[in-house]
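>>> Sharing a model that was predicted from the sequence below.
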Amino acid sequence: MALNQQDHRSCRIVIGLKAASDIDPPVDAATVLASAIKAELVGVFIEEEAMMDLAGLPFATAVSFGASKPQRLTPDTMKQAMARGAMMCQRALSARATSAQIKWSFSHRRGSAPETARAALNAGDYLVLSGQNHGFGSYELIEELRSVPRHSSGVLIAARQHQKPAKGPVIAVDDGDTTGAKTLALAARIAAATGQQLMLFAVAGTDADADRIVQRARELTGPTAAIEVHRFLPNAPRSIAAGFMHFMPSFVVADLEGEPFGHDRTALDLFRATKAPVVLIRADESGKQ
Amino acid sequence: MTKRRQTRAPAIKSLPAGVLRPTCDPKTLGFGSTSELEPIETLIGQDRALGAVRFGTGIDRPGYNMFVLGPQGSGRHTAILSYLGQKAQDAPAPDDWVYVHNFASQHRPQAIRLPAGIAAPFRDAMAELVDDLRNAIPTQFQSDEYREKRRAIDAEFEETQEHAFDELRQKAEAQQIGILRTPMGFALAPLQDGQVVKPEVFNALPEEQRSVIEARISALQTDLTAMLERFPLLEKRRREQVRKLNAELTGMIVDASIKSVADQFAGIGAIQKRLVEIREDLVQNVELFLPQEETEARIALPQKSETRSLEPQFNRYLVNVMITNDGDGDKLGAPLVCEDHPTLSNLVGRIEHQSQFGALVTDFTMIRPGALHRANGGYLVIDARKVLSEMFSWEALKRALRGNSITIVSAAEQLSLVSTTSLEPEPIPLKVKVVLIGERILYYLLSTLDPDFSDLFKVEIDFEQELKRSPENVALYARLIATIAKKENLRPLNAPAVARLIDETARLAEDAERLSLRVGQLADLLREADYWASEKKRRHIAIADIDKAVEEQIQRADRIRDRSHETIERGIVLIDTDGEAVGQINGLSVIGLGNFSFGRPARITARVRMGSGKVVDIERETKLGGPLHSKGVLILSSFLAANYALDVPMSLWASLVFEQSYGGVDGDSASSAELYALLSALAGIPLKQSLAVTGSVNQNGQVQAIGGVNQKIEGFFDVCNAQGLTGKQGVLIPSANVAHLMLRSDVVKACAKGRFHIYPVDTIANGIRLLSGLPAGQRGSNGEFPKGTVNGLVEARLRQFADTRKQFGSELSDRHAPGDAAWH
């Protein structure tokens, strides 16, 4: 399999946007990924039923960071906030997509946020999740991550605002399985699109396994491609986290279910360590790539 | 007896040819060619001015700036620059000045004085320091040690936050309450099966149950609010910890880099002080040196390209050199600056702006020096007229001199035309000698009208326009000619050519006893003579080349003169050069056209009749006459009133006019001619039209000197020559003008042959005798003028007017009944 044989023509990047979420990080990260794989951006603004239910309660109030007084919530204020949020999301998506010359669409849906976004996914699509990974957001993230339908290609976890490095290598984490090859191919595309260094984190227990991964990477990227390889032992997520902190990647591509993001706690630690958008690719059920 | 006295009065003789053009004898010069002469380094005939320059440059007191007076082409610029150049070269080089960022108040850039020649190395050292830090700081901040410490701080913060949230979340979930993130912040809601309880379900609950839920939510909300209030404090503490960590690391890096700069400029207090300030700022603002991704929120999109070449964030540590006096190994001396275009910004400097996203921004690196900065510690030479004609420049110059400091202001700011971010750079102390060069009229006007002028420009340097034509000065003048020829790389002049040139400069001075010091005109003539010598393939400039140069100069400029004379020859302008006429005379005027002027005869006529004692100046009445001309007419009126028919009222009405004059008349040089015409009209005696007259007259009938005597004589000569010289033609000039005669060779030749005459006249009495052939006549012991004299005839006519007027008045009064309005 060579890079130029990768076909993402039918692939879409679905961004589930909510009025309460950060807009820029997921849209920016999605635009990079869409540019790299020539995919369409699909913005789905979700008017969460839970929000409307909340606003209908007689005692509903909201407290923001540093605010001394809670703010009273009513169905009207919530509707207005939703409308404002939808407009901002559409504007942000339109600006980025137009600038990057990417096809895009935007729609409103009402329902539960995770389910509604997941329902918008077609086979082979990527789902973008916002990585507001501090506090209880982290647990929500893992929960949403594990709920992504199997027919999708994977998930893009957008980094938290103010933390994303604009420059740095694009790291592919390859544990030697079939999905690992896909991570390298996708990382190579992102690296080419953003003009960043391609870096391979080969997760291998033996030298032979490591050699195989590197050999496969050379075949995929071509003999002249500049690729920097680092080897990590399996079940050593702290080493990988240290690698992320050291190289400060601009993008990370890994296996959603393999090493090392397959474990919830490890995944959370790695998100914190990278501070970069992470694309987690789902293994093809048929095993065909 | 009267008759005897009149016959004894000597007849006025025309001047001999020798006084009409005193020439320089080449044999008296004592050299064959100017190549034998030593060049002259100083100006000749300008002792007063040079003394003033020495005084002005020597005195070290405020307000002793200089104003150089003198006409264009007098060598003022050259002389001043030459003297100041030497003076500046011998003076020590002044200090350097730089502007730097003011950390305390960024809109007021700080001016720093540095020893001469230090500014540029300091600027380079600071640029190098910034470059070093740009590499060193990010490298150190990427070290494992720093990252670990930083990560520990961040992790502690995040863990604290997470722990607090997790604790609250667990506490809430235990009570079936969920924490939701809404667009307006965090909110608490009752949960049922993990979902928010719908309002209708909640409202349907028993009141007791609802109260319990609300109480729980209320308690949790208190906790949530308290937690969220703590987060900004936690964040602040995190930032402080990071800042402290950064400061520690930066201090170590910066100290090492700054030490090398401090060592390089050891002993220079201003630089050491500045380095201390820079260190403090660097430690506080190390983020400026960290890679952009650390602080920039936006991710780099594939199609984006960013240029970071300018990197303005580092400007605050750079140095803007305003003035450096680096002699590059040579002795530099004090600056001598000539500002040829003294606009406000060229004078006091300017603050440039850059357009960024439609807004104009600036900083101290965009401050540009003006002439005052460049001349600080030395001399600034400016053309007075130019600085006065540039908006705001004169006031800015005075302000700088008064305050002994340079403050940069823009014209737009003064006019309130812009309202954009700008700077107020700290004023730079000023110590400069300003030399203004201008015409005399400007000096006198400024002295009169500008109260500050006399305090600020106390030294008047007045350049002479002429030099006395003594043998010593002629020898010096010959050396001046030789010097110009050598400097201009012209052919040397032989002695006759020098003599001819000296004659020509006397003519330029309009005085046979003076030589013109207008070096510019002299140099022009020499250059042109050299050209004509080259045409003739001569190795020396000869007399013929000087003549040719003069002739060609006139030829190029005298088209109007030719046309003017042609109109006279063709009889379009009526001028008689023969015969006689009553109440008519040839006056002479000078017409100036650029650098060329020529004489032109004009017919003046007078008419008289009985009246109330008024002489009408028609030029004045038609607003073609200037004030000086009117003054002349009033003087001659006064002369009439004071000399004739003193015992009767003046009963004259007379009119005077310059015939066929359409362009205006000014000056009083025709007042004697007007008086002759008036006397002729009153006496009824004809005047010779073969003569022309120039000269002003006073109330006592004395004829006074006028200007342009040579051109006037030549103008009438040309007309007579064209109509045919008769031997009777000539010009009456004031005797006082004889010393000014430097007539053209052809005029002199005609006079020598008796074909043309120049008569020096002292009084109206002498003049009228020449013009009418009759004696003027003096009042006898009986108080009356002799009969048959001009004065006698004039008085008789005036008495006749008075008698007639008296008779006419009584007849008129008889015809009117008492009570009728009186006739005036």
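Alright, I've got the coordinates. Note that the structure is a prediction, hence the values are computed from the model and not measured.

>>> any weak-confidence spans in chain B?
B:1-10, B:291-311, B:327-331, B:416-421, B:810-824 (pLDDT under 70).

>>> Domain map for it?
Under automatic domain parsing, the residue ranges defining each domain of chain B are B:7-42+B:467-557, B:76-92+B:333-462, B:128-294, B:563-806.

>>> Dump those into CSV; add mean neighbour count as well.
C-beta here means a position set from N, CA and C on the backbone, and glycine is covered the same way. As requested, the domains of chain B are exported to CSV (neighbours: other Cβ atoms under 10 Å in any protein chain shown):
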stretch, mean neighbour count
domain B:7-42+B:467-557, 18
domain B:76-92+B:333-462, 18
domain B:128-294, 16
domain B:563-806, 20
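
>>> Which one of those domains lies nearest to residue A:157?
Closest approach to residue A:157 among these is made by domain B:128-294 (16.5 Å; Cβ to Cβ).

>>> how about the helices of the stretch 151-289 of chain A, start to end?
A:178-194, A:207-221, A:237-247, A:264-274 (DSSP state H, counting those that start in this stretch).

>>> which of those helices sits most buried?
Mean neighbour count, computed with mean count of other Cβ atoms under 10 Å in any protein chain shown, is highest for helix A:178-194 among the helices of the stretch 151-289 of chain A, reaching a mean of 23.

>>> Check which helices and strands that one sits against.
helix A:24-37, strand A:170-174, strand A:198-203, helix A:207-221, strand A:251-255, strand A:278-281 (3 or more Cβ pairs under 8 Å, 6 or more residues apart in numbering or on different chains; DSSP states H and E).

>>> Chain B is nearest to which of those?
Proximity to chain B (Cβ to the nearest Cβ) singles out helix A:24-37 among those, at 4.4 Å.

>>> if we can go back for a sec, let me have the helices and strands packed on helix A:178-194 in JSON lines, adding distance to residue B:333 and mean pLDDT as columns.
Below are the helices and strands packed on helix A:178-194 laid out as JSON lines (distance: least, Cβ to Cβ, whole Å; pLDDT from 0 to 100):
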{"stretch": "helix A:24-37", "distance to residue B:333": "62", "mean pLDDT": "89"}
{"stretch": "strand A:170-174", "distance to residue B:333": "63", "mean pLDDT": "91"}
{"stretch": "strand A:198-203", "distance to residue B:333": "63", "mean pLDDT": "91"}
{"stretch": "helix A:207-221", "distance to residue B:333": "68", "mean pLDDT": "87"}
{"stretch": "strand A:251-255", "distance to residue B:333": "64", "mean pLDDT": "91"}
{"stretch": "strand A:278-281", "distance to residue B:333": "69", "mean pLDDT": "89"}
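
>>> can you put the ones you listed in a markdown table and add distance to residue B:533?
Shown next, in a markdown table, are the helices and strands packed on helix A:178-194 (distance: least, Cβ to Cβ, whole Å):
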| stretch | distance to residue B:533 |
| --- | --- |
| helix A:24-37 | 81 |
| strand A:170-174 | 84 |
| strand A:198-203 | 83 |
| helix A:207-221 | 86 |
| strand A:251-255 | 86 |
| strand A:278-281 | 92 |
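
>>> out of the domains of chain B, nearest to residue A:206?
Closest of the domains of chain B to residue A:206 is domain B:128-294, at 27.9 Å (criterion: Cβ to Cβ).

>>> quick one on the thing from earlier: nearest to chain A, of the domains of chain B?
domain B:128-294 (3.3 Å).

>>> Please tell me how far the nearest residue to residue B:573 once chain neighbours are set aside sits from residue B:719.
Leaving aside its chain neighbours, residue B:573 sits nearest to residue B:567 (4.5 Å; criterion: Cβ to Cβ, 6 or more residues apart in numbering or on different chains). Note on residue B:567: its distance to residue B:719, by Cβ to Cβ, to the nearest Å, is 10 Å.

>>> and what of residue B:787?
In this view, residue B:787 and residue B:719 are 37 Å apart by Cβ to Cβ.

>>> Same question for residue B:98.
The spacing between residue B:98 and residue B:719, counted by Cβ to Cβ, is 71 Å.

>>> phi, psi of the residue nearest to residue B:573?
phi -60, psi -30 (degrees, to the nearest 10).

>>> Would you confirm that it contacts residue B:561?
No: using Cβ atoms under 8 Å, residue B:567 makes no contact with residue B:561, being 11.0 Å away.

>>> Now residue A:90: which helix or strand?
helix A:75-100 (DSSP states H and E).

>>> and of the helices of the stretch 151-289 of chain A, who's closest to residue B:181?
helix A:264-274 (17.9 Å).

>>> ok, and what's touching the closest one?
A:131, A:133, A:138, A:141-142, A:145-146, A:157, A:159, A:237-238, A:240-242, A:244-245, A:249, A:252, A:260-261, A:278, B:155, B:158 (Cβ atoms under 8 Å, 6 or more residues apart in numbering or on different chains).

>>> between it and helix A:237-247, what angle do the directions make?
Taking axes from the mean of the first three to the mean of the last three Cα atoms, to 10 degrees, one finds helix A:264-274 and helix A:237-247 inclined to each other by 20 degrees.

>>> Let's see helix A:264-274 as CSV, backbone CA atoms only.
Taking C-alpha atoms only, helix A:264-274 is exported to CSV below (Å, rounded to 0.1, in the frame of the first residue of the first chain):
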residue,chain,number,x,y,z
ASP,A,264,-8.8,5.1,29.0
ARG,A,265,-6.5,6.3,31.8
THR,A,266,-3.5,6.1,29.5
ALA,A,267,-5.3,8.0,26.8
LEU,A,268,-6.2,10.8,29.2
ASP,A,269,-2.6,11.1,30.3
LEU,A,270,-1.4,11.2,26.7
PHE,A,271,-3.9,13.9,25.8
ARG,A,272,-2.5,16.0,28.5
ALA,A,273,1.0,15.3,27.5
THR,A,274,0.6,16.1,23.8
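
>>> Got the confidence number for the residue nearest to residue A:93 when sequence neighbours are not counted?
Nearest residue to residue A:93 in three dimensions, chain neighbours excluded: residue A:43, at 4.4 Å (Cβ to Cβ, 6+ apart). Per-residue pLDDT puts residue A:43 at 93.

>>> Quick check: neighbours of the helix or strand hosting residue A:43 in the sheet, parallel or antiparallel?
Under the criterion of DSSP H and E, residue A:43 resides in strand A:40-48. For strand A:40-48, the paired strands and their directions (DSSP bridges) are strand A:12-17 (parallel), strand A:104-111 (parallel).

>>> now what about the helix or strand following it, what contacts it?
Per DSSP H and E, the first helix or strand lying C-terminal to strand A:40-48 is helix A:49-56. Contact partners of helix A:49-56, identified using Cβ under 8 Å, 6+ apart, comprise A:19-20, A:60, A:73-75, A:77-79, A:82, A:110-113, B:180, B:182-183, B:187, B:189, B:195-199.

>>> Could I get the contacting residues of residue B:509?
B:465, B:466, B:515, B:516.

>>> Excluding chain neighbours, what is closest to the second one?
Read that as residue B:466. Once flanking residues are discounted, residue B:466 sits nearest to residue B:514: 4.1 Å by Cβ to Cβ, 6+ apart.

>>> mind checking how far stretch B:571-582 is from the chain centre?
Distance of stretch B:571-582 from its chain centroid, counting by Cα atoms, centre = their mean, to the nearest Å, is 48 Å.

>>> Restricting to C-alpha, output that stretch in CSV.
Output of stretch B:571-582 as CSV, limited to C-alpha atoms (Å, rounded to 0.1, in the frame of the first residue of the first chain):
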residue,chain,number,x,y,z
GLY,B,571,7.9,107.0,-34.5
ILE,B,572,5.4,104.9,-32.6
VAL,B,573,6.8,106.3,-29.3
LEU,B,574,7.3,110.0,-29.8
ILE,B,575,10.8,111.2,-28.9
ASP,B,576,12.4,114.2,-30.5
THR,B,577,16.2,114.4,-30.6
ASP,B,578,16.3,117.7,-32.4
GLY,B,579,14.5,121.0,-32.4
GLU,B,580,12.8,122.9,-29.6
ALA,B,581,9.4,122.7,-27.8
VAL,B,582,7.6,124.5,-25.1
